[in-house]
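J.: Structure of the sequence below:
(one chain, ligands or ions: 1)
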Amino acid sequence: MHILVSNDDGIHAPGLRALTEAMLPLGKVTVIAPETNQSATGHKKTLDSPLRIRPVQDYREGVNAFAVNGSPSDCTAVAMLGFIKEQIDLVVSGVNMGPNLAQDVTYSGTVAVALEAAIFGLPAVAFSLDDRALDADYSPCIPVARELARATGEHKLPPMTILNVNIPGTPIRGWRVTRQGVREYRDQLVERDDPHGRPYYWIGGERPAGDVKTEGTDLWAVHQGYVSVTPIQLDLTAHTMIDALHKWNINF
Ligand code: MN
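T.: Below is the predicted model of the structure:
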């Protein structure tokens, strides 16, 4: 099995290193990751500027590694569009510094790496750790990622479908198949003045919260100490609204 490993935190992230270690016993590993942190860039495709792909020397013995000046999903795309000559069988992303739960998946570059792989018809899994600390311990993620990647290689996935895996930052009690929960963002627009007296803005505020009480959701599972495994699909159609939409009185 040839596994492509990427992330959105950048080539130097500790979680990328942990995920690389996790994959090594499963087959050949190639790492292609953004050269800088690309968190919360979503499923971005770079079309209006050149992509540079730089080999990273001595990333790890037995692993070819490259840094790209593009988005997370660009990393998958360049590999699949011919930069990597050998066939790729599985794409894994992460392990992200911080969780990707509920609506987070729409912002997540970590998830976008996997979605891009699904567009190319490959099985893919995104991994995130529910710990944002700079010195977070990624070692508990290694057996989890290895086992889920092995199982994904064995069972495959339906078309246009990926797995979004969130690992608790607390002792792991097991795993749960989950659905997306509901996040509550607490963003605030912070206005400051630059040295010339002109205003600039940050999207700041507190870390997102969310409903951790509803059983069966990703937020609930991670809060309970379970590894959350959510199947995600690229088809965002709100099927439950189609009938109601037909009945709208629209004339033109
Ligand atoms: Mn990230």
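J.: What sits closest to whichever residue of the stretch 151-252 of the chain sits closest to the ion if chain neighbours are left out?
T.: Scanning the stretch 151-252 of the chain for proximity to the ion using Cβ to the ion identifies N166 as nearest, at 12.7 Å. (Each C-beta comes from the backbone N, C-alpha and C, glycine too.) Closest residue to N166 apart from its sequence neighbours, by Cβ to Cβ, 6 or more residues apart in numbering: S228 at 4.4 Å.
J.: Can you tell me what sits against the helix or strand containing that neighbour?
T.: According to DSSP states H and E, S228 maps onto strand 226-233. Outside of strand 226-233, the residues within contact range by Cβ atoms under 8 Å, 6 or more residues apart in numbering are 101, 105, 111, 115, 144, 148, 157-158, 160-168, 172-180, 218, 221-222.
J.: Quick one: residues contacting R54.
T.: Here R54 is in contact with E35, F66, A67, V68 (Cβ under 8 Å, 6+ apart).
J.: which of those has the most neighbours?
T.: Within the contacts of R54, neighbour counts (other Cβ atoms under 10 Å) peak at V68, which reaches 25 neighbours.
J.: do you know how far that residue is from the ion?
T.: Distance from V68 to the ion, counting by Cβ to the ion, to the nearest Å: 15 Å.
J.: where does whichever residue of the stretch 51-200 of the chain sits closest to the ion land in three-state SS?
T.: Distance from the ion to each residue of the stretch 51-200 of the chain (Cβ to the ion) is smallest for N96, at 4.5 Å. Secondary structure for N96, judged by DSSP: H, G, I helix; E, B strand; the rest coil, is strand.
J.: Alright, I will stop here.
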